[in-house]
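1. Next input, structure requested:
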Amino acid sequence: MKTLHLLSFAAATGASFLSLPSPLLAKAGEGSSLKPYQVEEIPVPKGIAPEIGGLGFTPSGKLVVLTRRSGILTARPEADPAKMQWTRFSDQSLHNANGLFVVSDREMLVSQMPELTRVVDVDGDGVADEYRTEASFNLSGAYHEVTAGPVPDGAGGFYIALNTASHSGFTFEHTRGLFSEVSRRGRNFASVQYRGWVMHWDPKTGLTPFAKGFRSPNGIQCGPDGAIWVTDNQGDFRMTNPLYHVQKDRFYGHPSSLVWDPEYVKADPKRDPLKQPMEELDAMRDPAAVLFPYGFSRSPAEPLFDLTGGKFGPFAGQMLVADAAAPRIIRVMPERVDGVMQGACVDFYSNDGLRNGSNRMAFSPGGTELYVGQTMREWAGAMEGLQRIKFNGGKVFEVLSMRLLKGGFALEFTEPVDAGTGETPEAFGTETYWYKYSSSYGGPETDPKLVRPASVRWSADRRGVELSYEGMEAQRVMRVTLTGLKSAGQPLGHSMVAYTVNRLRK
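-> The predicted structure is shown next:
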């Protein structure tokens, strides 16, 4: 039986257009030259809570907006966002929906808090009329047990990240899934099976555990090479916000989920990981590929690779990371060193019209626009809504890449750097520090030191510089502040870049 919808849908199209409020648009070029990147506001229909849990595009080019509480909207993008005509693919009040994969114009996979749901428009009228449970997620009842994903594995399956519960929420008397009194302890806990895990779902084999040790993984993505990347949030056992390169069966530091690992509890079914010495837990865990300096990033959300082939600027192939607690999108430059992933992070876009609360992102089919969906999180002081960042072309002067060398770094820039700027070590002030693994809620930068390069050597074309340092150490973050660099008189767009050194070049 077809679901009864709140709106009447025109017979010719299968959907009626929703009313729009008067928008406030950011208009580029008014009173100044056109900037390379420009934020535009996209108004959503009246009566819709614009808490965005997922963004995507259909094969025919329609934007799909998954809201956490107000169903699924679609619209064909327009140059003027005020002219976008919205329809409701589904007006069902989904349960804290926080993940979307668009299969086709008529079919989508949605991660709700309790399940992975296939939402299908069976008869092709533009309105979903089938909601099929593909996988169920265990729940204790705590509000914090949200999901991220699904993201495709390239072979017909998907990865999904399951949050732990928070001590500030309660646990139901009757839970879904196996319950563990042992793992009900702690600030963030995994009292039901596979909370704090990255899971793999396959239509043939179902839902299976993949990796453990996560606290609040509100972002997951597969890279073009099939690698899995997950962001986590600062908190207990998280000194700052990490980005993980996730591998099967590995442990990523938050111990609550260990009680659901058969190997961990094989000798003692009541083994309590919170009573295990920190040194032993530290030796078990895989480090983060990138540690975002706290304050620079306060609540990382979805990572997204720029696969636009240069249509969105000079950063093709690199990763962008949304932040739910700051008006910022971060750019990440990962690389493999001695078999381990690590790399640098730098600001991509911040303030200048961008709101707090960025949760999900998607590139337009043409590649020149990045759609950003924000969601309300009171603890983060976040806002909500839908925006897009448009690339207008033109000169972008930024750090293009930062690579680790033996005893230093190689920095490449998007434009040649003016002679006479960046000539001395003082132009590359460097702080080095680490985060000591601890059960506390966040933590300081430990053992901080101020260092400077021993030498600075520019390439002939002034697009690259090599910095050498004496006595470089592994397990350090090296945060470099570039001072006074200009290109044709234009200052560098973002001057702070931080590299997480897990391994040194041999």
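2. Where does the residue positioned nearest the centre of the chain sit: helix, strand or coil?
-> The C-alpha lying nearest the average C-alpha coordinate of the chain belongs to E302 (CA atoms, centre = their mean; 2.1 Å). Reducing the assignment at E302 to three states with DSSP: H, G, I helix; E, B strand; the rest coil gives strand.
3. and the residue nearest to it when sequence neighbours are not counted, what is it in contact with?
-> With sequence-adjacent residues excluded and distances taken as CB to CB, 6 or more residues apart in numbering, E302 is closest to G219, at 4.2 Å. Heads up, the C-betas are built off the backbone N, CA and C, glycines and all. By CB atoms under 8 Å, 6 or more residues apart in numbering, G219 lies in contact with A148, A161, V230, T231, P300, A301, E302, P303, V321, A322.
4. so what's the residue nearest to the centre of the chain up against?
-> E302 makes contacts with A148, N218, G219, I220, Q221, T231, V321, A322, N359, R360, M361, as judged by CB under 8 Å, 6+ apart.
5. Isn't the second one up against A301?
-> Yes - with contacts defined as CB atoms under 8 Å, N218 counts as touching A301 at a distance of 4.9 Å.
6. okay, and the common contacts of those two?
-> With CB under 8 Å, 6+ apart, N218 and A301 have common neighbours T231, A324, N359.
7. Count the residues that sit near the last one.
-> For N359, the count of nearby residues is 28 (other CB atoms under 10 Å).
8. Just the pLDDT at R187, thanks.
-> At R187, the pLDDT value in this model is 92.
9. now swap in P23 and tell me
-> P23 carries a pLDDT value of 32.
10. same deal with E145?
-> Note on E145: pLDDT of 91.
11. Tell me how this structure divides into domains.
-> What automatic domain parsing lists as the domains of the chain is 138-391, 399-501.
12. how about these in CSV, adding distance to S60?
-> Formatted as CSV, the entries for these read as follows, by distance: least, CB to CB, whole Å:
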stretch, distance to S60
domain 138-391, 9
domain 399-501, 34
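13. Out of the ones you listed, which one sits most buried?
-> domain 138-391 (a mean of 20; mean count of other CB atoms under 10 Å).
14. from the middle of its chain, how far away would that one be?
-> Taking CA atoms, centre = their mean, to the nearest Å, the mean C-alpha location of domain 138-391 is offset from the chain mean by 7 Å.
15. Can you get me the start-to-end distance on it?
-> With CA to CA, to the nearest Å as the measure, domain 138-391 spans 42 Å from end to end.
16. same thing with stretch 486-494?
-> One end of stretch 486-494 to the other measures 11 Å (CA to CA).
17. Show me what that stretch is in contact with.
-> With CB under 8 Å, 6+ apart as the test, stretch 486-494 has contacts from 346-348, 395-399, 413, 415-418, 421, 482, 485.
18. Report pLDDT for A12.
-> With respect to pLDDT, A12 scores 31.
19. typo on my end, S32
-> So S32 comes in at 43 (pLDDT).
20. Any stretches of the chain with poor pLDDT?
-> 1-33, 377-382 (pLDDT under 70).
21. where exactly do the helices run in it?
-> Listed in chain order, the helices found in the chain under DSSP state H are 278-284.
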